[in-house]
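J.: fold the following.
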Amino acid sequence: MGLPPKAAIAAAGAMLVLGVVVSLATGQRGERLLNGMAVGAQLTLADAGFRLKTVHVQGATGMAQPDILRAAGVYRGEPILSVDLDALRGRVQAVGWVQEVKVVRLLPDTLVLAVKQRRPVAVWQHGRRTAMIDDAGRVIEEADPARFPTLPLVVGSGADQAASPILNALSQRPPLMNRIEALVRVDERRWDLRLKDGALIQLPANDEDSALIRLDSLEQSQRILDLGLARIDLRNPDFLAVRPAGDAGPAAAADAGNGA
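T.: Prediction:
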């Protein structure tokens, strides 16, 4: 309309005040008139420079930002005052990468999306499907497992929800963690650790921390992981069962108290 920005704002404000008065006086008919005047005010302000130019995404990685911006669904040049912030927040919140988001409108032309991002901790394989999960076991749909080759693989039904405690325990044991090819959830009760050399470590359903401490002790005293064993069974706290590689017979058992 050729007005300076301050004059445009003042005019738009006057229009809205007048619209409220009319609405109160005339009911639904006035409400429709008010809606039309509000749209007119938004367009007036847009002509004065109140159009979206920039969207800043804070707290998100470069991998997540394209998915967040795509979900936001805003476009450069739209009247910034017409952007529904609640709807925008809902769309961004639905992105798997996003744990929570705050949306801020900075006049005249900027939106800020302040994101708390979910962090992928493992690849979950269930049947023929693979997906990235965070530390709460939530699937991050937009994350491509192929882009996270160094993260651990957890396998089986229920492995997504049960992964966090065992991953935390193993993160304190880097030498063991570096040997693991996959963590397999068995009957949704306990874990088998499949090592890269083909060995299998069977953990109990309860008190897996104690079993890992036993394994640490055996590794330090006897280098048990370098003995070429096919299986190390730690399910019984009183006995340790092992099976040498290539031995199809029953596993040999020893009193765990003797450190064998």
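J.: show me the domain layout of the protein.
T.: With domains defined by automatic domain parsing, the chain comprises 5-47, 54-117, 122-258.
J.: could I get these as JSON lines with mean neighbour count and mean pLDDT?
T.: Backbone N, C-alpha and C define where each C-beta goes, glycine included. Listed next are the domains of the chain as JSON lines, based on neighbours: other CB atoms under 10 Å; pLDDT from 0 to 100:
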{"stretch": "domain 5-47", "mean neighbour count": "15", "mean pLDDT": "51"}
{"stretch": "domain 54-117", "mean neighbour count": "16", "mean pLDDT": "97"}
{"stretch": "domain 122-258", "mean neighbour count": "16", "mean pLDDT": "92"}
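J.: all helices of the chain, in order?
T.: For the chain, applying DSSP state H gives helices covering 5-26, 28-47, 65-72, 85-93, 159-171, 174-177, 208-222.
J.: and the gap between the nearest residue to Ala64 once chain neighbours are set aside and Met177?
T.: In this structure, Ala64 finds its nearest non-sequential neighbour in Trp97, 4.0 Å apart by CB to CB, 6 or more residues apart in numbering. Counting by CB to CB, to the nearest Å, the separation of Trp97 from Met177 is 25 Å.
J.: all strands of the stretch 101-250 of the chain, in order?
T.: With strands called from DSSP state E, counting those that start in this stretch, the stretch 101-250 of the chain shows them at 110-117, 122-126, 129-133, 139-140, 153-155, 180-186, 190-195, 200-202, 229-233, 239-244.
J.: mind listing what Asp192 touches?
T.: Asp192 sits next to Leu183, Val184, Val186, Leu200, Ile201, Gln202, Leu203 when contact means CB atoms under 8 Å, 6 or more residues apart in numbering.
J.: give me that answer again for 6 Å
T.: Contact partners of Asp192, counting by CB atoms under 6 Å, 6 or more residues apart in numbering, are Val184, Val186, Leu200, Gln202.
J.: closest one to Ala72 out of these, please.
T.: Val184 (39.0 Å; CB to CB).
J.: just to revisit the earlier point, as JSON lines, the strands of the stretch 101-250 of the chain with distance to Gln58 would be great.
T.: Converted to JSON lines, these look like this (distance: least, CB to CB, whole Å):
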{"stretch": "strand 110-117", "distance to Gln58": "5"}
{"stretch": "strand 122-126", "distance to Gln58": "26"}
{"stretch": "strand 129-133", "distance to Gln58": "22"}
{"stretch": "strand 139-140", "distance to Gln58": "19"}
{"stretch": "strand 153-155", "distance to Gln58": "31"}
{"stretch": "strand 180-186", "distance to Gln58": "34"}
{"stretch": "strand 190-195", "distance to Gln58": "37"}
{"stretch": "strand 200-202", "distance to Gln58": "42"}
{"stretch": "strand 229-233", "distance to Gln58": "47"}
{"stretch": "strand 239-244", "distance to Gln58": "52"}
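J.: isn't the residue nearest to Ala64 right up against Met63?
T.: No. When contacts are counted by CB atoms under 6 Å, Trp97 is not listed as touching Met63 (8.1 Å).
J.: can you add distance to Asp109 and give the contacts of Asp192 back as a markdown table?
T.: As requested, the contacts of Asp192 are exported to a markdown table (distance: CB to CB, whole Å):
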| residue | distance to Asp109 |
| --- | --- |
| Val184 | 53 |
| Val186 | 56 |
| Leu200 | 60 |
| Gln202 | 61 |
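J.: let me know the closest of these to Leu229.
T.: Checking the contacts of Asp192 against Leu229 with CB to CB, the nearest one is Leu200 at 8.9 Å.
J.: phi and psi next, for the spatially most central residue of the chain.
T.: In the chain, the C-alpha nearest the mean C-alpha coordinate belongs to Arg118, at 3.1 Å (CA atoms, centre = their mean). Dihedral pair for Arg118: phi -70, psi 140, per degrees, to the nearest 10.
J.: look up how far Leu52 lies from the residue nearest to it when sequence neighbours are not counted.
T.: Nearest residue to Arg118 in three dimensions, chain neighbours excluded: Asp134, at 4.2 Å (CB to CB, 6+ apart). In this structure, Asp134 and Leu52 are 31 Å apart, going by CB to CB.
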